[in-house]
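okay, sequence plus prediction incoming.
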2 protein chains.
Amino acid sequence: MTYCVALLMNQGMVFASDSRTNAGVDNIATFCKMKVFEKPGDRVIVLLSSGNLAITQATIHLIERQATKEGPSNLWHTKTMDEMATLVGEALRQIQDRDGPYLASKHIEYNANFLLGGQIAGDVPRLFHVYSEGNYIEASQQTPYFQIGETKYGKPIIDRVITMNTNLADAVKCVLVSFDSTMRSNISVGMPIDLACYENNSLHLGLRHHMAEGDPYFSMLRGCWSDGLRRVFVELPNPQWQV
Amino acid sequence: MTYCVALLMNQGMVFASDSRTNAGVDNIATFCKMKVFEKPGDRVIVLLSSGNLAITQATIHLIERQATKEGPSNLWHTKTMDEMATLVGEALRQIQDRDGPYLASKHIEYNANFLLGGQIAGDVPRLFHVYSEGNYIEASQQTPYFQIGETKYGKPIIDRVITMNTNLADAVKCVLVSFDSTMRSNISVGMPIDLACYENNSLHLGLRHHMAEGDPYFSMLRGCWSDGLRRVFVELPNPQWQV
């Protein structure tokens, strides 16, 4: 399994992905699920992926090959993030056209999802969720974040905290707490966590951080959050009805 | 969807279930998913159910009919909670033998799960999860709780708080916070919440509480928890790396 989350706020964007892949509990491995395409001053594009690793890797490799050739499928020439989302969706469809029928003949079900965010000079910062079918939706003021993979354990804290007005530092903390909740309840999501922050209109990636097992800040955050929750919990008033 | 949770601790047991059923988002209804069989001084048996409502209701109706007749399937004559779990599993299998083939012929997939907890005089308090197939597992010191239905949103807080040593009042608060997290993130789980508490070896149900929309204690708890989380969140140290 996988857990990826991307947030779009007025101040900027935060991206995070775990690194665990598993094909059954006896086949666990570590792969980075965050891919960054950056040309400072021109564009910052971040892709997070979940699902069948062969499909998502092949899609990214195709996008990379296309980026070395002239033509409309070269990601360095897209004018808007919307075009970029189309490009990712089309690459994903090409890979599925190639591999899908054979996998289907072996009764292998799979999915492949991407979160795509960033900014291209001349366009505003935008965030998309590209579905397994290659179509996509865009984040909005009302729903300024997307998650893919094992999304449920870590959703409540994001729902409680994140709005368009959340600042980047708080957003990073919220995302890490969301990962903590997920990793405590589901062993198929695991360290390291890849983290990236983008300040809107900066056109360069402000932060790229790789948090391995035992990372001091993440360990401290987990401890503080856990202690704080317990404190709040202890202070909750008891019901008046007799228990 | 549904959310039910049951906890078994040294002091006692807590049971809670939501009341929302849905067959598509345009077919929402309210049904109680908690069934209590109690003979004070002799036995307290609580059943929580999730899944196909026709199957779970039919199973409970069968158990009720059996309880009016002599024989090994009469729940008032079972000697242990383990026997009781077998009885529930067998009733569930009978209903599935009756309805399953027809549903299958219409390509209707379904599941039906029960949480079964309580105590019978002469046996210790015990908690079981009866699966759709009629087999079952029992809660243990290491995992003193079970959830069925939409379980993931509300799992992190239970994982953080509940141990065998948690007292009943704290367990009730934890369960309600778990429902709050679930209902905030998933509209298929909804009020009212049915709550029951059993003090071990009392052989009568100490508390049965029905919390409807706007319940003052639950509303206050949601507010306190939300405010408390925000306070803890604000106090979390920022990362030293620049965001």
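Structure's in. What do you need? Numbering: from 1, shown residues only, chains lettered A, B, ... in the order given.

for A:Glu38, what is the enclosing helix or strand?
A:Glu38 is located in strand A:34-39, with elements delineated by DSSP states H and E.

what are the buried residues along that strand?
Using 16 or more other Cβ atoms under 10 Å in any protein chain shown as the test for burial, strand A:34-39 gives A:Met34, A:Lys35, A:Phe37, A:Glu38. Heads up, the C-betas are built off the backbone N, CA and C, glycines and all.

with stretch A:103-121 instead?
Buried-residue list, stretch A:103-121, by 16+ other Cβ under 10 Å: A:Tyr110, A:Ala112, A:Asn113, A:Phe114, A:Leu115, A:Leu116, A:Gly117, A:Gly118, A:Gln119, A:Ile120.

now swap in stretch A:58-78 and tell me
Residues of stretch A:58-78 classed as buried: A:Ala58, A:Thr59, A:Ile60, A:Leu62, A:Ile63, A:Gln66, A:Ser73, A:Leu75, A:Thr78 (neighbour count, 16+ other Cβ under 10 Å).

which residues in chain A form strands?
A:3-8, A:12-17, A:20-22, A:28-30, A:34-39, A:43-51, A:112-120, A:126-130, A:136-138, A:145-149, A:193-199, A:205-211 (DSSP state E).

make TSV from the buried residues of stretch A:58-78 and add distance to A:Pro192 and pLDDT to it.
TSV is the format used below for these (distance: Cβ to Cβ, whole Å; pLDDT from 0 to 100):
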residue	distance to A:Pro192	pLDDT
A:Ala58	23	96
A:Thr59	22	97
A:Ile60	19	96
A:Leu62	26	97
A:Ile63	24	97
A:Gln66	29	97
A:Ser73	31	94
A:Leu75	26	97
A:Thr78	30	96
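
B:Leu203: which of those residues is nearest?
A:Thr59 (61.2 Å; Cβ to Cβ).

so who does the closest one touch?
By Cβ atoms under 8 Å, 6 or more residues apart in numbering or on different chains, A:Thr59 lies in contact with A:Ser49, A:Val88, A:Ala91, A:Leu92, A:Ile95, A:Ala112, A:Phe114.

count of neighbours near the fifth one?
Meaning A:Ile95. Using other Cβ atoms under 10 Å in any protein chain shown, A:Ile95 has 23 other residues around it.

ok, it to chain B distance?
Counting by Cβ to the nearest Cβ, to the nearest Å, the gap from A:Ile95 to chain B is 30 Å.

dump stretch A:21-31 to PDB, restricted to CA.
What follows is stretch A:21-31, C-alpha atoms only, in PDB (Å, rounded to 0.1, in the frame of the first residue of the first chain):
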ATOM      1  CA  THR A  21       5.500  -1.000  -1.400                       C
ATOM      2  CA  ASN A  22       4.200  -4.500  -0.900                       C
ATOM      3  CA  ALA A  23       3.100  -7.300  -3.100                       C
ATOM      4  CA  GLY A  24       1.800  -9.400  -0.200                       C
ATOM      5  CA  VAL A  25       3.100  -9.100   3.400                       C
ATOM      6  CA  ASP A  26       6.100 -11.200   2.500                       C
ATOM      7  CA  ASN A  27       7.200  -8.900  -0.300                       C
ATOM      8  CA  ILE A  28       7.900  -5.500   1.200                       C
ATOM      9  CA  ALA A  29      10.300  -3.000  -0.400                       C
ATOM     10  CA  THR A  30      11.100   0.700  -0.300                       C
ATOM     11  CA  PHE A  31      10.500   2.900  -3.300                       C
END
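
the lengthiest helix in chain A - contacts with which helices or strands?
Longest helix in chain A, counting residues (DSSP state H): helix A:81-105. Packing partners of helix A:81-105 (3 or more Cβ pairs under 8 Å, 6 or more residues apart in numbering or on different chains; DSSP states H and E): strand A:43-51, helix A:53-66, strand A:112-120, strand A:126-130, strand A:136-138.

ok and the longest one relative to strand A:43-51, angle-wise?
Taking axes from the mean of the first three to the mean of the last three Cα atoms, to 10 degrees, one finds helix A:53-66 and strand A:43-51 inclined to each other by 160 degrees.

so, low pLDDT: which residues of chain A?
A:23-25, A:242-243 (pLDDT under 70).

hmm, 80 instead?
A:1, A:21-29, A:187-188, A:241-243 (pLDDT under 80).

for A:Arg208, state which of the contacts of A:Thr59 is nearest.
Using Cβ to Cβ, the contacts of A:Thr59 come closest to A:Arg208 at A:Ser49, 16.6 Å.

okay, now A:Cys4: neighbour count?
Here the number of neighbours of A:Cys4 (other Cβ under 10 Å) works out to 26.

wait, I meant A:Leu176
A:Leu176 has 25 nearby residues by other Cβ under 10 Å.

and the closest residue to it other than its chain neighbours, how far from A:Phe179?
With sequence-adjacent residues excluded and distances taken as Cβ to Cβ, 6 or more residues apart in numbering or on different chains, A:Leu176 is closest to A:Leu221, at 5.5 Å. Taking Cβ to Cβ, to the nearest Å as the measure, A:Leu221 falls 10 Å from A:Phe179.

more neighbours: which of the two?
A:Phe179 (28 against 22).

re the thing from before, can you redo the buried residues of strand A:34-39 as TSV with distance to B:Leu103?
Converted to TSV, the buried residues of strand A:34-39 look like this (distance: Cβ to Cβ, whole Å):
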residue	distance to B:Leu103
A:Met34	44
A:Lys35	45
A:Phe37	49
A:Glu38	53
